[in-house]
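Participant: my questions are about this predicted structure, shown below with the sequence.
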Amino acid sequence: MMQEESELTQQPCAVPGGQSGPSKDRLLDIVTRSAGATMAVVDRGLTMIYVNDEYARWFGTVPDRLVGQSLVQVYGEEDCRRFMPFVERVLRGERVQYQRLLRTPYGFDEWRTICLTPWYGEQGAIEGFMTTALDVHELQVTMDALRAANQRLSSHMENSPLAVLEMDHGLRLLHCSQRAVQLMGWPPVAGLKGRALPGLLALQEGCELLEALHRLQSGAESQNRAEASFFREDGAEVHCEWFNSALTDAEGRVVSVMALVQDVSAKIQIARQQHYLAHHDSLTGLYNRRAFQSRLEAALQQARGTGEAVAVLFIDLDGFKRVNDTLGHRTGDEVLRVMAQRIAGAVRGGDTAARLGGDEFLVMLERGVTREVIDTVGHGLLQALRRPVALDGLEVTVGASMGVAVVRPRDSDIGALISRADQAMYAAKRAGKGRLHYAEGG
């Protein structure tokens, strides 16, 4: 029976066309010689029982000189200790594959993939293993370079002072840096992937940022810039400048959107403060003369189209100089602040109150201005300003005199208008103070 089996293995193999091919042993020899891989068979006692020519070449010898030697004899004890954990796994029946940097017969290092496969005997027991090694040097070097590039890019993204966000075509988050999480006040990164950015920031249709992102989605633009403000969960308002770009595939379809986000909250806050200081009185917080004149000019421009009247009320405190001289400027400043608060509280919503300077104030009425409205607001102001002011245990009382100039749409000289109200105020003082007086023609 054994003789018949041996003879069968030597029979030529059938090939297409009816011709005879090489025997199975010959085919095995061709495969092991020509595969370009090192091949060896090792028994359970870790002795080599077969090696191909390529394997022997790596050791500068021929197969017959390696067959019968142990792994320790071939590789040395130190090298064996490094790969013995893999050998133990394959002898337990596991197919093992790993990469290893080896010194080639030509004297340079090369990455190779080592594959260990269990060898089972006729009774099903593991009698050893086969080891093969393929050259994967170029692939490994390329993968290492790609991995290093990705690590550098990831490091740049995480260490950038800008927040970095990557979204898919549907504006769902693929990646965001820790800086982005901190800036937006979001939960940890793990819970963000797949969340839609418009929903996370509660962006409303028509807002500048959402429109810019939609233009990228549609392919109308490849990059753009937008500004957006939003409130974090902790209530803080954040102002950001967004630099957005779209990544397209070979067919020009948008596959992802990248955003670099800069926090400009401090710059916006400074701009707001500068605008506020340029238009408001530093002591009382009311509008200053410049802002009042600008608003008055705009009101007159609008009134020319509607035919409505505009009224200017010129207020001067009565008895303030006495307070300032006897109690000091600090007390005087506090009285001015209280008077400003009372003026702001006594006018209607939409009316404009300003401090002209010293103890002089201006109020502009620009909606539904009638004699009745002027009287109601004017006397309400006088009543509020004559109430005593309690300061550090002291009770200070001042009053006010008021002049009123009613402006018609044809009037255009802002200075002359304020001067008319000023003159009417002095007329009120001469008439006994604490009263309202209309300018001539009012």
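Facilitator: Looks like it arrived, so ask away.
Participant: surely Arg348 touches Val377?
Facilitator: Yes: the pair Arg348 / Val377 is scored as a contact, 6.6 Å apart, by Cβ atoms under 8 Å. C-beta coordinates here come from the backbone N, C-alpha and C atoms, glycine included.
Participant: what's the overlap in contacts for the two?
Facilitator: Taking Cβ atoms under 8 Å, 6 or more residues apart in numbering as the criterion, Arg348 and Val377 both touch Leu365.
Participant: what bits of the stretch 151-300 of the chain have low per-residue confidence?
Facilitator: Low-confidence segments of the stretch 151-300 of the chain (pLDDT under 70): 151-159, 189-190.
Participant: and the helices in it?
Facilitator: 178-184, 197-200, 208-218, 265-279, 289-306 (DSSP state H, counting those that start in this stretch).
Participant: neighbouring contacts of the longest one?
Facilitator: So that's helix 289-306. The contact list for helix 289-306, computed with Cβ under 8 Å, 6+ apart, reads 278-280, 287, 309-310, 312, 352, 354, 356-357, 362, 364, 366, 407, 409-412, 414, 417-418.
Participant: rerun at 6 Å
Facilitator: Under the criterion Cβ atoms under 6 Å, 6 or more residues apart in numbering, residues His279, Val310, Thr352, Ala354, Leu356, Leu362, Met364, Glu366, Pro409, Ile414 lie in contact with helix 289-306.
Participant: now it against helix 265-279, angle please.
Facilitator: 80 degrees (axes from the mean of the first three to the mean of the last three Cα atoms, to 10 degrees).
Participant: now the helix or strand just after helix 289-306 - C-alpha only, CSV.
Facilitator: Downstream of helix 289-306, the first helix or strand assigned by DSSP states H and E is strand 310-318. Output of strand 310-318 as CSV, limited to C-alpha atoms (Å, rounded to 0.1, in the frame of the first residue of the first chain):
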residue,chain,number,x,y,z
VAL,A,310,-39.5,115.1,17.8
ALA,A,311,-39.0,116.7,21.2
VAL,A,312,-35.8,117.6,23.1
LEU,A,313,-35.9,118.1,26.8
PHE,A,314,-33.0,120.0,28.4
ILE,A,315,-32.6,119.3,32.1
ASP,A,316,-30.4,121.2,34.6
LEU,A,317,-30.2,120.1,38.2
ASP,A,318,-31.2,122.8,40.8
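Participant: and strand 310-318, what does it pack onto?
Facilitator: Judged by 3 or more Cβ pairs under 6 Å, 6 or more residues apart in numbering; DSSP states H and E, strand 310-318 is in contact with strand 360-365, strand 399-407, helix 414-430.
Participant: contacts for the helix or strand following it, please.
Facilitator: Scanning forward in sequence from strand 310-318 by DSSP H and E, the next helix or strand is helix 320-327. Helix 320-327 has contacts (Cβ under 6 Å, 6+ apart) with Gly332, Val335, Asp359, Val396, Val398.
Participant: now do the contacts for the fourth one.
Facilitator: The one in question is Val396. Val323, Val389.
Participant: and with 7 Å instead?
Facilitator: Shown in contact with Val396 (Cβ atoms under 7 Å, 6 or more residues apart in numbering): Val323, Val335, Pro388, Val389.
Participant: go on, the third one?
Facilitator: With contacts taken as Cβ under 7 Å, 6+ apart, Asp359 has the following neighbours: Asp316, Leu317, Phe320, Leu336.
Participant: mind redoing it with 8 Å?
Facilitator: Asp316, Leu317, Phe320, Lys321, Leu336, Met339 are the contacts of Asp359 under Cβ under 8 Å, 6+ apart.
Participant: with adjacent residues omitted, what lies nearest to the last one?
Facilitator: I take that to be Met339. Leaving aside its sequence neighbours, Met339 sits nearest to Leu385 (Cβ to Cβ, 6 or more residues apart in numbering; 5.9 Å).
Participant: could I get the pLDDT score of the one you found?
Facilitator: You'll see Leu385 listed with a pLDDT of 95.
Participant: repeat for Glu7
Facilitator: Glu7 carries a pLDDT value of 37.
Participant: ok, back up a step: now list the buried members of the contacts of helix 289-306.
Facilitator: In the contacts of helix 289-306, burial by neighbour count holds for Val310, Thr352, Ala354, Leu356, Leu362, Met364, Glu366, Pro409, Ile414, counting by 16 or more other Cβ atoms under 10 Å.
Participant: ok, which stretches of the stretch 51-200 of the chain are strands?
Facilitator: Ranges of strands in the stretch 51-200 of the chain, per DSSP state E, counting those that start in this stretch, are 96-103, 109-120, 126-135, 163-168, 173-176.
Participant: for the last one, packing partners?
Facilitator: In terms of contact count using 3 or more Cβ pairs under 8 Å, 6 or more residues apart in numbering; DSSP states H and E, strand 173-176 is assigned the packing partners strand 163-168.
Participant: check which residues of the strand it packs on are buried.
Facilitator: Of the residues in strand 163-168, Ala163, Val164, Leu165, Glu166, Met167 count as buried by neighbour count, 16+ other Cβ under 10 Å.
Participant: now stretch 284-304
Facilitator: So stretch 284-304, judged by 16+ other Cβ under 10 Å, has buried residues Thr284, Leu286, Tyr287, Asn288, Ala291, Phe292, Gln293, Arg295, Leu296, Ala299, Leu300, Ala303.
Participant: thinking again about what came up before, out of Arg348 and Val377, which sits in the busier spot?
Facilitator: Between Arg348 and Val377, counting by other Cβ atoms under 10 Å, Val377 is the more crowded of the two (21 against 14).
Participant: that one: what's it in contact with?
Facilitator: Shown in contact with Val377 (Cβ under 8 Å, 6+ apart): Leu313, Ala346, Val347, Arg348, Asp351, Val363, Leu365.
Participant: many thanks, have a good one.
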